[in-house]
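>>> Give me a model of this one.
(one chain, ligands or ions: 1)
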Amino acid sequence: MILKGKKALVVGVANKRSIAWGIAQSFAREGAELCLTYQNERLEKNVKELAETLPGTRVEACDVMVDGQVGALAGRLKEWGGLDILVHAVAFARTEDLAGDFRNVPLEGWHTALDVSAYSLIALARAMAPLMEGRAGGGSVMSLTFLGAVRAVPNYNIMGVAKAALEASTRYLAADLGPKNIRVNAISAGPVRTLSAAGVTGFARMLEEVENRAPLRRNIDQGQVGDTASFLASDLSRGVTGQVIYVDSGYHIVGI
Ligand code: NAP
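Coordinates of the predicted model:
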């Protein structure tokens, strides 16, 4: 129970395949009190049904792109008694920008991917940091990234640029919030079959590639990401900030 007594906000559960749901389950097992969010009414029922399976879990609305919703959420969480952990597991790019020639990405596609997938981390961290200040053990913020941030992965295109911005933002936020004893890290997950992943052309090939070439010769799952998230959320990682931790069966270390 490494998260006993801690309160966690997990943003990005869409359904039971979501990486954020694997994280929520691991946090609950480790004793954290949870708040999940849903982006809109389309997902509300789904998220509420999942939350019911983890007794005591709170559910709130939050579309990170709608002005005022992040601030309003912070207000409600202040009444909840503050926050120790923030998980950002949100990303979006237009389908047409996740295939074909990267050079053709229009400014609109650039804005959509970077605003939703990277700027939202800054907005959430800014709003939630005051709720984490002065907590025993400090605060822990984390987001989800992918190898496409640091390597040119076919079709990942604009999302790779968004993830590079997310990873750089992780380091700047870590430097900014460290003096308040708030740590900021990212988990670079290997490919996992989720709703968002379905939008990436050739995703099945990525799974095959990891299984064939990763040192562990297998793909990862949401539970493995969840358990690394629990470590990052807990006092066990109290000396770790500004890092990108790979949960990818070791795929990123492989050369030819
Ligand atoms: P997912 O289940 O589809 O989760 C993505 C979440 O982002 C959904 O809940 C989605 O809601 C939400 N979202 C998008 N726009 C939003 C907005 N404006 N406000 C609030 N929420 C919004 O897919 P996932 O694969 O678990 O993705 C979670 C994170 O892991 C993402 O950052 C992703 O890039 C990262 N990641 C995924 C993989 C992978 O292979 N699956 C690998 C490495 C990293 P909607 O469904 O309503 O859009």
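>>> Spell out which parts of the stretch 151-256 of the chain neighbour the ligand.
Counting by Cβ under 6 Å from any ligand atom, the residues of the stretch 151-256 of the chain close to the ligand are 189, 191-192, 194-197. From N, CA and C alone the C-beta is placed, and that goes for glycine too.
>>> Check these and tell me the two furthest apart.
Taking Cβ to Cβ as the measure, these span a maximum distance of 14.6 Å, between Ala189 and Leu195.
>>> More neighbours: which of these two?
Ala189 (25 against 11; other Cβ atoms under 10 Å).
>>> tell me the contacts of the more buried one?
For Ala189, the set of contacting residues under the criterion of Cβ atoms under 8 Å, 6 or more residues apart in numbering consists of 19, 144-146, 220, 225, 247-248.
>>> got it, and Leu173?
121-122, 125, 141, 184.
>>> and those residues, which are buried?
121-122, 125, 141, 184 (16 or more other Cβ atoms under 10 Å).
>>> any idea which of those residues is the one closest to the ligand?
The shortest gap between the ligand and any of the buried ones among the contacts of Leu173 belongs to Leu121, at 9.3 Å (Cβ to the nearest ligand atom).
>>> Correct me if wrong: Lys7 contacts Lys78.
No. With contacts counted by Cβ atoms under 8 Å, Lys7 stays clear of Lys78, the gap being 11.1 Å.
>>> more neighbours, these two?
Neighbours of Lys7 and Lys78, each counted by other Cβ under 10 Å, are more numerous for Lys7; the result is 21 against 13.
>>> all strands for the protein, in order.
Per DSSP state E, the chain carries strands over the ranges 7-11, 33-38, 58-61, 85-88, 139-145, 182-189, 244-247.
>>> Partner strands of the fourth one and their direction?
Applying DSSP bridges, strand 85-88 is found paired with strand 7-11 (parallel), strand 139-145 (parallel).
>>> Distance from that strand to the middle of the chain?
Between the centre of strand 85-88 and the centre of its host chain there is 7 Å, according to Cα atoms, centre = their mean, to the nearest Å.
>>> returning to that earlier point: can you put the contacts of Leu173 in a markdown table and add pLDDT?
Conversion of the contacts of Leu173 to a markdown table gives the following (pLDDT from 0 to 100):
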| residue | pLDDT |
| --- | --- |
| Leu121 | 98 |
| Ile122 | 97 |
| Ala125 | 98 |
| Val141 | 98 |
| Val184 | 98 |
